[in-house]
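Q: show me the folded form of this:
(3 chains, ligands or ions: 2)
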Amino acid sequence: MATHADALHDHHYHAPGLQHQFEDMGQQQESASIGMWMFLVQEIMFFGGMFTVYLVFRSKYPMAFAAGSNHLDAFWGGLNTLVLIVSSLTMALAVRYAQLGKRNLQVIFIILTMIFGTVFLGVKAIEYTKKYKEGIVPVAGLNMRTAKTASTHPGGRELSTRTGDTQDPRESLNTGVSESNTHETGEHSYYNPTGTFVWTDASLAAQAQQGGYLTDSEKIGYFSNGELNANKFRDKVRIFFWIYFVMTGLHALHMIIGLGVMAWLLWKAWMGTFSAAYYSPVEMSGLYWHFVDIVWIFLFPLLYLLGRHFLHGGAGH
Amino acid sequence: MAERIKTATESESHHHEEHHIVPLIYYFGVFGVLVVGTILTYYAALVDLDWIFPGANTLLALLIAFFKMGCVVLIFMHVWWSSRLIWLTAIAGFFWLAIMFAFTMQDYLTRGAGVFTG
Amino acid sequence: MQNVDAINVGNIKEEPRVNYLTNGFTLKSWLLTKDHKRIAILYLVTVSAFFALGGAYASLIRLELLTPASDLLQSQTYNKVFTHHGIIMVFFFLIPSIPAILGNFLIPIMIGAKDLAFPRINLLSWYFYMAGGALTLYALLRGGVDTGWTFYTPYSTTFSNGYVMAVGLGIFINGFSSILTGLNFIVTVHTMRAPGMTWFRLPLFVWSHYATSLVMILGTPVIAITILLMALERLARIGIFDPAIGGDPILFQHLFWFYSHPAVYIMILPGFGVISELISNFSRKKIFGYEFIAFSSIAIAVFGFLVWGHHMFVSGQSIYAGLVFSFLTMVVAIPSAIKVFNWAATLYKGQISYDTPMLYALFFIGLFLIGGLTGLFLGAMGLVVHLTDTYFVVAHFHYVMVGGQVLAYLGGLHYWWSKITGKMYSEFWSKIAAIIVFVGFNLTFFPQFILGYLGMPRRYASYPDEFQVLNIFSTAGASILAIGLILPLIYLTYSIFFGAKAPANPWMLPGLEWRTASPPPTENFEETPIVTWEAYEFGEESGLDLEDARNRNKVLV
Ligand code: HEM
Ligand SMILES: [Cu+2]
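A: Ligands and ions are numbered 1, 2, ... in the order given. The predicted structure is shown next:
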């Protein structure tokens, strides 16, 4: 018996990529995949905490969430969703060609995945910058500076043109033009010197009040002495943007880590490490990448699209 | 003992060993579903469905999202071809998330403040 | 099967060529080791250091409470001292204690594997623990925090005046250590079992660690995100936890306890595992109701996630939610009770020997019983209004955490000491110490039940004069307890250098860990074992003639 076990052992010992604590590749592969799934469960719960926060506040202040959401750019958000979906496809293909042991296709698809991942982050950067310039990054002390061009366009004009040329007064409200903004004429390029969160549009709350579909928390949360209070509403919108930044920020962080993993994978694949017998690093990284994609599948409707229907008609109550 | 050294692992990994190579058509099929799902999500959000019941828009968006997730998990992540343990793990993750949601909300929803009350 | 022969021949086993301890002596061979046994030793050293530090803080607390006035410590300082005590004991001692030390050492051996599934990740866990610990220590030295170990908002946000961010970050990093350890254990139990080691042949120690690992994986990430949110809240001052602008401090408590109630099971389930081992082995009897004990661990891990609101009865949580949580709290006590009944049934008509580990196990049962039952008091929604935030709560959780887990840890450490170090400790001194711990513990914490019932609130540096007598008892008890805890430090350390050499199987027990040398070789077994016996098998089916060997052993020793 002993000799047989030894023979087996020796036979498998030289398999490339087999670590010493395992008996054979099957066992190693199995361990890696269970381990990765356990890790993903951990990730689900990590993001889950954030989704719980989202759920609680959204159920309390649906109108503030709708208002904030309508201000996000669904075009960029949708585009990014598509970009991420493509990257998921290329990742899945990279895994497939790793399984088939085709080095070149594997390398190509890893590179493609990285490209799409980078595009995603690029779009996020554009969106973040825009929010920053509009003064709706919900971090006290941030939002201080305008863009460099601001000094040549003092006042709020620059901002109201930024979101398009609509003359709809609501639209200009949506961009969050603040009073302080008009004070800052002249060479000072500060749009928002206190760095506070800028938001004045409370129209959705008014609409909900008329329609009679405010929640109990909203009745307390948006009103003082029975009057709609724009500042109190702003605070709730700020909570939305806070959640938006934390959730998308954590997601982006996962993308960045994912890109790091991809870079390592690319190098390994380039060196021809993976074969039909040993490809589990590719597969595991794929699982991670798809997971990050799934998170976005939920973030997109929950953050970008939740109040659109209030803008069109919205009289159904 | 002559057969295999790892009986314990074997019993769990039955069909996992053969490493299913998924036909390309599945991947492109899922891709198609995801793209269509995304577009659908977008346009569905523009239509006001509150006349059905308050929050119907969100429910629809979530249903689509769950469907998309299902496709990714089953095909892209190969769960369809994986062992029962992996199925269980994937389901357990969402089950626990549901626990967190449900037990937190049972507090908030019974404090006197309703969700989307109309 | 040479192990069998070795034991039956009379227990004089040949020295293995190299064991895991003699396999390398350089610092590097320790700090970069991937051997689960060496990593367990790394944990043993560092976790013990944190235990000592936490103990020092505890002494300060008890000294301050000797007199009614706040004289030794100002209230400000006192707040920090109990906070530091709690943080260190919970996050840096109790949570890693049994899993990271004993679990790490024993799980691969008990299932007949060469190592954990991911040895490198195992080492990484230790570095996360060290990094988190170092950061926390740094923050504590710089001034620390005074929020209580629970970090409730707004103490930790609006009114925070300490190093909340740094300590939070420390705990955040440390959390990954916990998550990765849990992940490693789960995968290991699934894929690394030796041939013939079926699920229902696993020692209950392994089952309970499996359950613990589930909690670690499912719960710990939530505390991570909670702490992150708290830190960001401090940074950005958005007020998602600030009711003044629409935030909600109770949300913090929900998120915190979603982890931290299950975390109390991280702090007791491993103890259950150790006790199951001890009770069965020192009664020399197959454990009663193996499946019940195994599944009750899993049940605890699952139901433990449904009761967190019992920490929030008076927080402003809705009455309805309170009722649900209260009911489920009663339900979750059932699996714990099942274990206690099964242990009692195992003892019945067993051949009990009162070795030191068994003493700890018996103490454990008594103390955990008190701790668990008082937990039920606290879970009763009406009663808790009177008892919450009093010393009754403090006594409750010390009965389960110290009377439970710490005693189990000490019992386990003694039980496997010979395996870990290859040396025998002094039976005399260890028994003395165990008894001192038991007496000191009860003297410290039993008066606190009465104090709490009479209305002494927790977390204050001063108290009304009429509480002084009981507080003096408590402080006196703490001094005794301290002696009981310092003693093992001395005689265990002594044994490493001067103790008698341990045989492979000093107690003549059937478990796999006793079928390899003490200390085990780096690969754990000379060859992969093949398991043909059930767990806790004392009959002939175990493949060992234990009785015969035991008798001969008696003659020898
Ligand atoms: C038998 C089952 C148990 C029940 C029914 C139970 C019940 C409770 C309840 C209702 C409270 C809240 C008291 C209050 O704040 O008013 C509590 C507090 C506590 N319990 Fe338990 N418990 C049990 C077991 C445990 C175990 C096994 C541990 C740890 C090993 C533990 C550790 C704690 C801690 C640390 C607190 C106080 C937390 C704080 O406020 O700082 N409990 N327990
Ligand atoms: Cu609890």
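Q: rest of the way, CA atoms for contacts and neighbours
A: Fine.
Q: nearest residue to whatever residue of chain B ends up closest to ligand 1 other than its sequence neighbours?
A: With Cα to the nearest ligand atom, the shortest gap between chain B and ligand 1 falls at residue B:103, namely 16.4 Å. Spatial nearest neighbour of residue B:103, chain neighbours left out: residue C:306 (7.3 Å); criterion: Cα to Cα, 6 or more residues apart in numbering or on different chains.
Q: how much space between that neighbour and residue A:249?
A: In this view, residue C:306 and residue A:249 are 30 Å apart by Cα to Cα, to the nearest Å.
Q: between those two, who's got more neighbours?
A: residue C:306 (23 against 14; other Cα atoms under 10 Å in any protein chain shown).
Q: just to check, that one is in contact with residue C:327?
A: No. Judged on Cα atoms under 8 Å, residue C:306 makes no contact with residue C:327 at a distance of 10.1 Å.
Q: give me the number of residues near the spatially closest residue to residue C:261 that is not a sequence neighbour?
A: Nearest in space to residue C:261, with sequence neighbours left out and distances taken as Cα to Cα, 6+ apart, is residue C:308 at 5.3 Å. For residue C:308, the count of nearby residues is 27 (other Cα under 10 Å).
Q: got the contact list for the residue of the stretch 1-150 of chain A found nearest ligand 1?
A: Relative to ligand 1, the nearest point of the stretch 1-150 of chain A is residue A:49 (20.5 Å; Cα to the nearest ligand atom). By Cα atoms under 8 Å, 6 or more residues apart in numbering or on different chains, the contact list for residue A:49 reads C:222, C:225, C:226, C:255.
Q: doesn't residue C:252 make contact with the third one?
A: Yes. With contact defined as Cα under 8 Å, residue C:226 reaches residue C:252; the gap is 7.1 Å.
Q: quick one, which of those two is more surrounded?
A: Higher neighbour count among residue C:226 and residue C:252: residue C:226, with 26 against 23, using other Cα under 10 Å.
Q: quick one: residues contacting the more buried one.
A: Neighbouring residues of residue C:226 by Cα under 8 Å, 6+ apart: A:49, C:252, C:255, C:256.
Q: lowest-confidence helix or strand of chain A?
A: helix A:157-162 (a mean of 32; mean pLDDT, DSSP states H and E).
Q: flag the shaky bits of chain A, pLDDT-wise.
A: Within chain A, the segments meeting pLDDT under 70 span A:1-15, A:140-195, A:312-317.
Q: what about the strands in it?
A: Using DSSP state E, the strands of chain A run over residues A:223-224, A:227-228.
Q: what about the first one and chain B, touching?
A: Think strand A:223-224. No. Strand A:223-224 stays clear of chain B (Cα under 8 Å from any Cα of the partner chain), getting no nearer than 15.3 Å.
Q: report the distance from that strand to the chain centre.
A: Put simply, strand A:223-224 sits 33 Å off its chain's centre (Cα atoms, centre = their mean, to the nearest Å).
Q: that strand: partners in the sheet, and parallel or antiparallel?
A: If you go by DSSP bridges, strand A:223-224 pairs up with strand A:227-228 (antiparallel).
Q: give me the contacts around the strand it pairs with.
A: So strand A:227-228 is contacted by A:205, A:206, A:222 (Cα under 8 Å, 6+ apart).
Q: and the next element down the chain from the lowest-mean-pLDDT helix or strand in chain B?
A: Ranking every helix and strand in chain B by mean pLDDT, DSSP H and E puts helix B:7-13 at the bottom, with a mean of 42. Once the chain leaves helix B:7-13, the next helix or strand it forms, by DSSP states H and E, is helix B:24-46.
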